[in-house]
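> build me a structure from this.
(one chain, ligands or ions: 1)
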Amino acid sequence: MTTRAPTSVVKRTAFDELAGSIRGELLLPPDPGYDAARTIWNGAIDRRPACIARCLGVADVASAVRFARERDLEIAVRGGGHNVAGTAVCDDGLVIDLSAMRAVWVDPAGRTARVQGGALWGDVDHETQAHGLATTAGIVSHTGVAGVTLGGGIGFLMRKHGLVVDNLLAAEVVTAEGSIVRASADDHPDLFWALRGGGGNFGVVTSFRFALHPLGPTVMAGPVFWAADDTAEVLRFYRDFVADAPDELGTVVRLGTVPPLPGIPEDLHWRPAIAVNSCYAGAVEDGERAVRALRGFGSPLVDLLAPSPYVTFQSGIDPTVLYGWHYRWKSTNLAGLSDETIAVIADHAYAAGSPRSCVVMFHFGGAVVRAPHEATAYAGRDVAHNIVIEGVWLPDESGEHAAAETAWARRFLAALQPHRAGGVYVNFLDSDDDSARVREAYGEEVYRRLAEVKAKYDPDNAFHHNKNIQPG
Ligand SMILES: Cc1cc2nc3c(=O)[nH]c(=O)nc-3n(C[C@H](O)[C@H](O)[C@H](O)COP(=O)(O)OP(=O)(O)OC[C@H]3O[C@@H](n4cnc5c(N)ncnc54)[C@H](O)[C@@H]3O)c2cc1C
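Okay, here's the model as predicted:
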């Protein structure tokens, strides 16, 4: 990222009062750390906040919120900085940056963990697995806990243990007024309901308390790859295989090219291929039985399913979605994997121009669908699968790929239109997905209820640099 002249002249003295009231650092242009601090996972996002407040605790966050509200500053909130739409940074306003707040405290006897609002999933897995415990987490270790949780949270363990929000016991929140409140089933239950799916609309969450479950530390996990030519057969087999799978088996399909990961022979690197990545949340021997038919199907190019430390598995695909690359996503829930849907997927998945572009498809069911639907604001519990079409290119390839990969993703989504379930996971929406798609993510009933909670906790819509719920 190159340093340009700031879009507005920022007076450092304007932030003196904030500097005096927080323990963390304030970063303004041209401070040496400013450019790094405004950089997020999606390298295509290039925004220049007036000031970044790198908070060190809840008191800092409360001061920053009050400071911004008193001056009517635009507010952006940064957790892990992974959201593809880049909502963690804004132009000109104040970024309330929690990236220095990554502590995780585990209570092994009570099987809970308290996690600060800037932690990454790798932090949580690392600390909880030291006690042989885990909770449902995102599938990439450098993704932020806060954004994932507030949107609902899907991952390999969700069929066994529910969504991330189903494991959320309480949250500490700084509201739009700058007050510090606890939200749980007993305290501010309306806010607690809205936080579990409604995104960053209701306040800044400074810590989460999650339920934990025994897991591993060794699990049967890993991907099996087949040649792209086998895609339709593999997906038809996969559809029937997962329909009967035990709750313990979480799977994610990836279509694209074979990434150059450790354990994959070099002659396969960048070859078009479909992979099914699995994790069995139970005994390794039971996992071996559960995946036998999958790894026995057809002629895999390479089979990396093996007993593995859960923490290692959870960071296995990190190098395929590196920080700083450029990304453009399109996503939808799928009604199912009919032969027609499979044909569309097989036709479009390998038509991207960049070898880094890919398609990722999550399988739901199990505990996700059994949880009471009205208990949280997550609205997509009944879907069998969702799909994310990910245009990906390197920063210096924008001329060649930006328009082409974006067009590919849009074309692919349009072709899936007749096969869509209606609905989309709010955390997979990109910057060009409008408010209609936010409403689509929730459906009318949940959106209306979210709007009521928004009107109570943030009537002025101070937290609008997100997938926004309008106060109703
Ligand atoms: C590589 C990759 C893999 C992913 N895998 C998964 C997955 O397996 N499962 C899944 O469910 N999702 C997944 N996602 C999507 C993910 O849920 C969203 O990108 C999410 O927004 C990331 O959270 P973050 O804290 O890193 O986001 P950020 O970009 O930091 O924040 C996004 C928004 O969340 C809100 N927010 C962030 N922190 C706070 C806070 N402390 N308090 C209040 N609001 C806050 C703000 O509105 C902010 O604009 C993935 C994304 C990527 C890029």
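> how about the residues of the stretch 251-400 of the chain near the ligand?
By the rule CB under 6 Å from any ligand atom, the part of the stretch 251-400 of the chain lying against the ligand is Val321. C-beta: built from backbone N, CA, C; applies to glycine.
> going by proximity to the ligand, name the top residue of the stretch 251-400 of the chain.
Val321 (3.8 Å; CB to the nearest ligand atom).
> assign a three-state SS to the residue nearest to that residue when sequence neighbours are not counted, would you?
Nearest non-adjacent residue to Val321, counting by CB to CB, 6 or more residues apart in numbering: Val140, 5.8 Å away. Using DSSP: H, G, I helix; E, B strand; the rest coil, the structure places Val140 in coil.
> number of residues surrounding Val140?
By other CB atoms under 10 Å, 22 other residues sit near Val140.
> ok, Pro214 next?
Close neighbours of Pro214, defined as other CB under 10 Å, add up to 11.
> how near is it to the ligand?
Plainly put, Pro214 is 21 Å away from the ligand if you go by CB to the nearest ligand atom, to the nearest Å.
> that residue is in contact with Gln129, isn't it?
No: in this structure, Pro214 is not within contact of Gln129 by CB atoms under 8 Å, at 10.6 Å.
> list the contacts for Ser435?
Asn468, Gln470 (CB atoms under 8 Å, 6 or more residues apart in numbering).
> quick check: buried residues in the helix ranked longest in the chain?
Counting by DSSP state H, the longest helix found in the chain is helix 435-457. Neighbour-count burial for helix 435-457, counted by 16 or more other CB atoms under 10 Å, picks out 437-438, 440-442, 446-447, 449-451, 453-454, 457.
> any residue of that helix up close to the ligand?
No: Helix 435-457 lies apart from the ligand when judged by CB under 6 Å from any ligand atom; the minimum separation is 11.9 Å.
> show me where the stretch 101-250 of the chain has strands.
104-107, 112-116, 133-134, 168-174, 180-184, 204-211, 213-214, 218-227, 249-257 (DSSP state E, counting those that start in this stretch).
> does His142 really touch Tyr323, like I thought?
Yes: using CB under 8 Å, His142 is in contact with Tyr323, at 6.8 Å.
> these two: who's more crowded?
With neighbours defined as other CB under 10 Å, His142 and Tyr323 compare such that His142 has more, 18 against 13.
> please tell me how far the closest residue in space to the more buried one that isn't next to it in sequence sits from the ligand.
Leaving aside its chain neighbours, His142 sits nearest to Leu120 (5.5 Å; criterion: CB to CB, 6+ apart). Separation of Leu120 from the ligand (CB to the nearest ligand atom) stands at 7 Å.
> so what sits opposite the closest residue to Tyr34 other than its chain neighbours in the bridge?
When the adjacent residues along the chain are set aside, Tyr34 lies closest to Leu27, with 4.6 Å between them (CB to CB, 6+ apart). Leu27 has these beta-bridge partners by DSSP bridges: Ile52.
> any idea of the pLDDT on Leu27?
pLDDT, Leu27: 97.
> hang on, isn't the residue nearest to Val321 packed against Leu120?
No: the pair Val140 and Leu120 does not pass the contact test of CB under 8 Å, sitting 9.1 Å apart.
> grab the nearest non-local neighbour of the residue most central in space within the chain.
The residue lying closest to the centre of the chain (CA atoms, centre = their mean) is Val148, at 4.3 Å. By the measure of CB to CB, 6+ apart, the closest residue to Val148 outside its immediate chain neighbours is Gly138, 4.7 Å from it.
> how much space separates the one you found from the ligand?
Distance from Gly138 to the ligand, by CB to the nearest ligand atom: 3 Å.
> so who does that residue touch?
If you count contacts by CB under 8 Å, 6+ apart, Gly138 has them with Trp121, Val148, Gly153, Ile154, Gly155, Val164.
> what residues does the stretch 1-150 of the chain put near the ligand?
41, 77-84, 87-88, 98, 117, 138-140, 143-144, 146-148, 150.
> now do 8 Å
Residues of the stretch 1-150 of the chain lying near the ligand by CB under 8 Å from any ligand atom: 40-42, 76-88, 98, 117-118, 120, 137-140, 142-148, 150.
> in helices only, show me the residues you listed.
Val145, Ala146, Gly147, Val148, Leu150.
> helices along the stretch 151-300 of the chain, start to end?
158-161, 189-195, 231-243, 284-295 (DSSP state H, counting those that start in this stretch).
> would you turn those into TSV with mean pLDDT and mean neighbour count?
Shown next, in TSV, are the helices of the stretch 151-300 of the chain (pLDDT from 0 to 100; neighbours: other CB atoms under 10 Å):
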stretch	mean pLDDT	mean neighbour count
helix 158-161	98	25
helix 189-195	98	21
helix 231-243	98	18
helix 284-295	98	16
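> quick one, strands of the stretch 301-450 of the chain?
302-303, 306-309, 326-334, 358-363, 385-393.
> what's the angle from the longest helix of the chain to strand 326-334?
90 degrees (axes from the mean of the first three to the mean of the last three CA atoms, to 10 degrees).
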